[in-house]
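A.B. asks: no sequence on this one, just coordinates:
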């Protein structure tokens, strides 16, 4: 069997494009980011922090692999080092200081060094080696399709399947999204736009103080639980979004619904609004009117189902009790990747 | 002010592409459909029926304009007439019978005639004249922004605005979507795929027998009410959808969230699933796993807010008490346009 | 048979997109132009002049149909009329004066009226009715493939063919390109960019004063002759073009090679440069270095073969003795459509 | 300064997409190939041979760096190893034998091993480390723009420039094209399509037996010379190509004109045809009619200018006396990348 059709496959975006590659237990995962303007100072510490959020460091009920993987990013192209890191990166609209002048020492950059690099305007390629890859943990999967996983559909689609931890269907693929999304976030911040997501519901619980307790209990049962993430976009000026097919809400829904385990998206009055009359909720815009941002904060919510691979379901090994926890930075990343297209 | 960026603007799709144009109270609305294979027999009666559904014919609490507009489609290109309409259109995988042979009489086709035409493989352009356009009804809008409408954001985006009944922000724009979607539906049926949407909730009411009653009551108050539409895709074989960014659910969400007044999308376990543990709902797939169809019916739901333009809100003239009623065929059309890309 | 694959089909461009439709002897040809910013004042007289150039008005040895067709453009959407046409259109970077204010009278515009309209930022759709369509002239083509024409390959591709004057393969299709290209030209002029093409060779003749004489002689023989068109882009600032795959010269070659009968493209040192050593021609850039404009005029040349449909070849009816004559405005149009993408 | 606009930047193609990255003297160059069907057996020996052709191994007057670089490809994703390499790869339309069954041993593949791997249908990422990178050779370039090079235009476009051997403007970037193109070639061969390019002219010389002699003489002078490459596509069946904008010849011209130093493209009767009358050359199709392949071999020619960086021009170090020699496999690669889109 084989691919019978094509869409944009493993690339997200048109103007700022992130192409993702890599199998979960292959040699490396990584990506190419195309469309980053030249002269942007990238804060790699921020990327490292975002990767730690995604790995669930400091969270409860998280898969042990994600905690063990160092997620060290190797930058292959698109950035050069500056000798005198500028403490005030002015960024996007900035005239770069390092244009082949003799005071500028350009070196091959292997690992991020906790200091600023500047973009060349050329594609930024990066890889993250799979150091904790343990294909042998997944030998039993060669002849098994896990319930609630993509094992069977991958094989139906491609006729062949990388059984090593789910291949590209693994949540590990989101690591690259967080790297690219963090660069997008930094570009958006230069425009005054900030994206902040947080967990607002776990199971039926809506009090954040009780989330850890609930997740720990579910984890102890060998079970899993769903959650709702809310995301707010601040500082987005009016006039962003295409009014017909590529409405701002459609672009955001597309970006967020591409995250594993996401089962729904709503903004503004959402599903709850159905029980209200127009006269009661006319004034709520959710930050968008006619598909175009109106200058007020854009707020949306998305729901993540409980993971299917649990001890209770007979699935051995690594799993998360509540994937919504680690989805929070991925929601921010996809939101950033979606918005940065529009500038 | 002006467009500062661009995405795909007024075109939906990549392989089967629908480009929409026209202002609500301008000369005409219409579209170009590119990517329809040659030799397809199109059933124009079906298109007429779908347009009647969209216009709300037979429904309660519907804007009088949509009932008055004849929605007569003028076909400008891409189709030719066959002398002996074939009663068994075999369609997509069919060797056409009309290949420039002498028994084939090709004429310019002005209006649909209730009989079959066959496609040439070239772009199909169509227009629908705005016969009931009454710009004078909207004179008061020149200096006013309606609450809950896109009047202000259009002006913020473009610096200029067609105030005549909302211009392209009018629900009239969906007429073209229904035409293109109906052609997509016919192509999908040749593959054994059927799409069926229906209203499943109006306000808090979930009993379809009581929907008309509720809408009539809201209408009498000069108010409006929201609704939820459920859509089922039958016959979709396994293996459809791209597993990373362009997951099947992401494509569907994108398509459906582009409809005016749509505020949320969910599939499978949806938002309701958040209160369940993994062990309870692992078995529910919603027809998709890992972004790829699994061969079972795909089911999703979407919510439409109450319209903001109501007598109660001080907005004169034409409006709908429950836009979700007329959204049903539009949901089907956008679903069809989204799916047909994938073949 | 049917379409088995897809590319962008009948659309040219990404940011400024022209979608073309219509068969030569069908009801109408036309197009949709998407991506024109709001507030641009369009000079419709200029469009009319360009259409007259394309029709070969005033030229020798031109197909009689093109001279008879009035090429009257019907504008369906995307433009509105201003009451007090501004004598100094500042255009692209201009704040429009007509933003829904009460002194602005918006009307449905049916025919161009020789005065300025202003764009809404929404898609501009236009049609040109085929008034001189004479399908009966082409009855003999139903069972014949013309040498040097696309009759056979269309049928090989689609399994069906519009034999009426070549359908979409007719040079009449370029009418829409000239309309869209003229709008692109007007946008480029607001940036100070001018495009000027001219015929520089007919057969072996390079003296323009003798072109008419040569064409008349060839026409009298019932034969046809090729020609070379040179195009100069003035005012293009440095830094335009993508350096790897989408080099400026690659984009221009793509645009120009899409014109019927065009058989070659060269720029800078071109084919003639092959006989020179690097030391002799290093200094010639052709306006482009590394795929990026360098600020000097960009000059390229393209060759058009003699038309195959001639009385001498046994093909009755309408034909051109030297299609390169009428290709000149089409080369300008495609150049403009290609360049306007890049801003 | 910064990127002010965007097109497809560093990606070639829509259905089969090659994204290129890497600076000539940075850490690595590489690419991501998306759209390769699952279950294809890739011949890595062939890739190695093509890289050797591109490096000019066995040719005269070639830059010493290209001969020294081992061009060792590291495959990061998208392929798995089979235990029993199948001697008869049936390829594209083949049901793969390695679908997660227990007899299939999947390993992380670091280097190509001269044996067959099979594709997973997921993106294939590869890198080639720049082992002979010698940034210090280019120190003098920090403050200099070379004549005939892209040094200045890169800086005009991006405001910043990687002076190390031209960064991405270096011919080293074509290495990735050859890798991706060779995979495309293998796919096309499974369809019976073969691409063969060869040098047909060096300077004014058209006798291949004398090319080496002429290049050696030019090299001895410290000068450079241009050349013409002819490419033939055999086995392409009729019906390939989009008839309006994306004509087959337009796609090929676009692909080939994106190669460094390419100054012109012609097919069929080409530029030489201008001196003939229609009656003399009507029968020549060049394999394409109306933008669609007609089933006969497609033949085109392209011209490469002499390189500007020569000792005679005062440019020290590595250069080629006739870049057309090493362009031959790159022309084949770009032709393959262009054609493979269409299936």
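C.D. replies: Good, I have the coordinates. Every value quoted in this text rests on a predicted model; they were computed, and no experiment measured them.
A.B. asks: which residues of the stretch 101-250 of chain A fall in helices?
C.D. replies: A:151-158, A:174-190, A:211-220, A:248-257 (DSSP state H, counting those that start in this stretch).
A.B. asks: for the second one, name the packing helices and strands.
C.D. replies: It stands for helix A:174-190. Counting contacts by 3 or more CB pairs under 8 Å, 6 or more residues apart in numbering or on different chains; DSSP states H and E, helix A:174-190 is packed against strand A:17-21, strand A:28-34, helix A:44-55, strand A:124-129, strand A:194-202, helix A:323-340. No exception for glycine: its C-beta is placed from N, CA and C like everyone else's.
A.B. asks: let me have these in JSON lines, extended by distance to residue D:204.
C.D. replies: As requested, the helices and strands packed on helix A:174-190 are exported to JSON lines (distance: least, CB to CB, whole Å):
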{"stretch": "strand A:17-21", "distance to residue D:204": "45"}
{"stretch": "strand A:28-34", "distance to residue D:204": "42"}
{"stretch": "helix A:44-55", "distance to residue D:204": "55"}
{"stretch": "strand A:124-129", "distance to residue D:204": "43"}
{"stretch": "strand A:194-202", "distance to residue D:204": "62"}
{"stretch": "helix A:323-340", "distance to residue D:204": "52"}
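A.B. asks: and the residue of chain A closest to chain C?
C.D. replies: residue A:14 (7.9 Å; CB to the nearest CB).
A.B. asks: OK, contacts around the residue nearest to residue A:274 when sequence neighbours are not counted?
C.D. replies: Sequence neighbours aside, residue B:226 is the residue nearest to residue A:274 in space, at 4.1 Å (criterion: CB to CB, 6 or more residues apart in numbering or on different chains). Residue B:226 sits next to A:269, A:273-276, B:202-203, B:263, B:303-306, B:322, B:324 when contact means CB atoms under 8 Å, 6 or more residues apart in numbering or on different chains.
A.B. asks: tell me how many other residues surround whatever residue of the stretch 151-300 of chain A ends up closest to chain D.
C.D. replies: At 3.7 Å from chain D, residue A:158 is the closest residue in the stretch 151-300 of chain A, using CB to the nearest CB. Residue A:158 has 25 neighbours, counted by other CB atoms under 10 Å in any protein chain shown.
A.B. asks: in stretch A:138-150, what counts as buried?
C.D. replies: By neighbour count with 16 or more other CB atoms under 10 Å in any protein chain shown, stretch A:138-150 contains the buried residues A:138, A:141, A:142, A:145, A:146, A:147, A:148, A:149, A:150.
A.B. asks: likewise stretch A:181-195?
C.D. replies: A:181-191, A:193-195.
A.B. asks: list of residues touching it?
C.D. replies: Contacts for stretch A:181-195 (CB under 8 Å, 6+ apart): A:16, A:33, A:36-37, A:40, A:42-43, A:46-47, A:50, A:90-93, A:124, A:231-236, A:329-330, A:332-337, A:339-340, A:343.
A.B. asks: can you list the helices of the stretch 101-250 of chain A in JSON lines and add mean pLDDT and distance to residue B:54?
C.D. replies: Compiled in JSON lines, those are given as follows (pLDDT from 0 to 100; distance: least, CB to CB, whole Å):
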{"stretch": "helix A:151-158", "mean pLDDT": "87", "distance to residue B:54": "34"}
{"stretch": "helix A:174-190", "mean pLDDT": "97", "distance to residue B:54": "38"}
{"stretch": "helix A:211-220", "mean pLDDT": "95", "distance to residue B:54": "45"}
{"stretch": "helix A:248-257", "mean pLDDT": "98", "distance to residue B:54": "20"}
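A.B. asks: pick the most deeply packed of these.
C.D. replies: Using mean count of other CB atoms under 10 Å in any protein chain shown, the stretch among those with the largest mean neighbour count is helix A:248-257, at a mean of 27.
A.B. asks: which secondary structure elements does that one sit against?
C.D. replies: strand A:262-267, strand A:298-304, helix A:323-340, helix B:248-257, strand B:262-267.
A.B. asks: now the longest one, how far from the centre of its chain.
C.D. replies: It refers to helix A:323-340. Helix A:323-340 sits 4 Å away from the centroid of its parent chain (CA atoms, centre = their mean, to the nearest Å).
A.B. asks: ditto for the second one
C.D. replies: Its chain's average C-alpha position is 14 Å from that of strand A:298-304, according to CA atoms, centre = their mean.
A.B. asks: now the stretch 51-200 of chain A, which segments are flagged as low pLDDT?
C.D. replies: A:82-116, A:133, A:135, A:165 (pLDDT under 70).
A.B. asks: try it again at 50.
C.D. replies: A:83-114 (pLDDT under 50).
A.B. asks: now residue A:238: phi and psi?
C.D. replies: Here the main-chain torsion angles of residue A:238 (degrees, to the nearest 10) amount to phi -70, psi 150.
A.B. asks: enumerate every residue touching it.
C.D. replies: A:292, A:293, A:294, A:295, B:152, B:153, B:156, B:157.
A.B. asks: out of the residues you listed, which comes closest to residue C:218?
C.D. replies: Proximity of those to residue C:218 (CB to CB) peaks at residue B:157, which lies at 53.9 Å.
A.B. asks: tell me which residues touch the closest residue to the closest one other than its chain neighbours, please.
C.D. replies: With CB to CB, 6+ apart as the criterion, residue B:157 has its nearest non-adjacent residue at 3.9 Å, and that residue is residue A:239. Contacts for residue A:239 (CB under 8 Å, 6+ apart) come out as A:292, A:293, B:1, B:153, B:156, B:157.
A.B. asks: swap in 7 Å and give it another go.
C.D. replies: Applying CB atoms under 7 Å, 6 or more residues apart in numbering or on different chains to residue A:239 gives the contacts A:292, A:293, B:153, B:156, B:157.
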